[in-house]
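Participant: When you get a sec, could you give me coordinates for this:
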Amino acid sequence: MKIFLDTNVLLRFFLKDNQPQFEICRNLISQIEEGLFNVYTSSIVFLEMSYVLKSVYKIPFPEITKILDSVFEIRGITIIDKTNTKLTLALFKKHRVKFTDCLIAAQLPKGHILVSFDQELSKIKEITVKNPEQLMS
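Facilitator: Here you go, the predicted structure:
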């Protein structure tokens, strides 16, 4: 199964700030490490992570770079760098969700599931979104 990890899934895993969600994410990452999923994320996720880590959590720069580097250690992860700004804007106008979420949705390859705790993403009917628990059940 091909999955795309959203910012909040990676943050919960690395920050361990929400114990129930951390456990779910830890189990998901374990399954990824076992080869049960082909995993993707994007440069937009890195952008969001660095912003949240610095602005919200006030984490020092060396720790931010350590967390971002750790994403590359996830078995077989592919980073998508291509954006489609026209599609992003169309999704933004149509669904009125965060622009960065629309950027991620526009990057999502066909047939991939976006794994996120963000329920607002389900408003974007053009993509498949599941929270980590749904994915593993």
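Participant: could I get stretch 122-137 in PDB with only the CA atoms?
Facilitator: Extracted in PDB, the C-alpha atoms of stretch 122-137 (Å, rounded to 0.1, in the frame of the first residue of the first chain):
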ATOM      1  CA  SER A 122     -11.400  15.000   4.500                       C
ATOM      2  CA  LYS A 123     -13.100  18.000   2.900                       C
ATOM      3  CA  ILE A 124     -10.900  17.500  -0.100                       C
ATOM      4  CA  LYS A 125     -12.900  14.900  -1.900                       C
ATOM      5  CA  GLU A 126     -10.300  14.400  -4.700                       C
ATOM      6  CA  ILE A 127      -8.000  12.500  -2.300                       C
ATOM      7  CA  THR A 128      -8.200   9.600   0.100                       C
ATOM      8  CA  VAL A 129      -7.400  10.500   3.700                       C
ATOM      9  CA  LYS A 130      -7.100   8.100   6.600                       C
ATOM     10  CA  ASN A 131      -5.900   8.700  10.100                       C
ATOM     11  CA  PRO A 132      -3.200   6.200  11.200                       C
ATOM     12  CA  GLU A 133      -5.600   4.100  13.200                       C
ATOM     13  CA  GLN A 134      -7.900   3.600  10.200                       C
ATOM     14  CA  LEU A 135      -5.000   2.700   8.100                       C
ATOM     15  CA  MET A 136      -3.800  -0.100  10.400                       C
ATOM     16  CA  SER A 137      -7.200  -1.600  11.100                       C
END
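Participant: Report the distance from it to the chain centre.
Facilitator: How far stretch 122-137 lies from its chain's middle: 12 Å, per CA atoms, centre = their mean, to the nearest Å.
Participant: Kindly report the same for stretch 35-51.
Facilitator: Distance, centroid of stretch 35-51 to centroid of chain: 5 Å (CA atoms, centre = their mean).
Participant: residues making contact with it?
Facilitator: 1-7, 10-11, 28, 31-32, 64, 67-68, 71, 74-81, 83, 100, 103-104, 107, 109, 112 (CB atoms under 8 Å, 6 or more residues apart in numbering). Where C-beta positions appear, they are placed from N, C-alpha and C, glycine not excepted.
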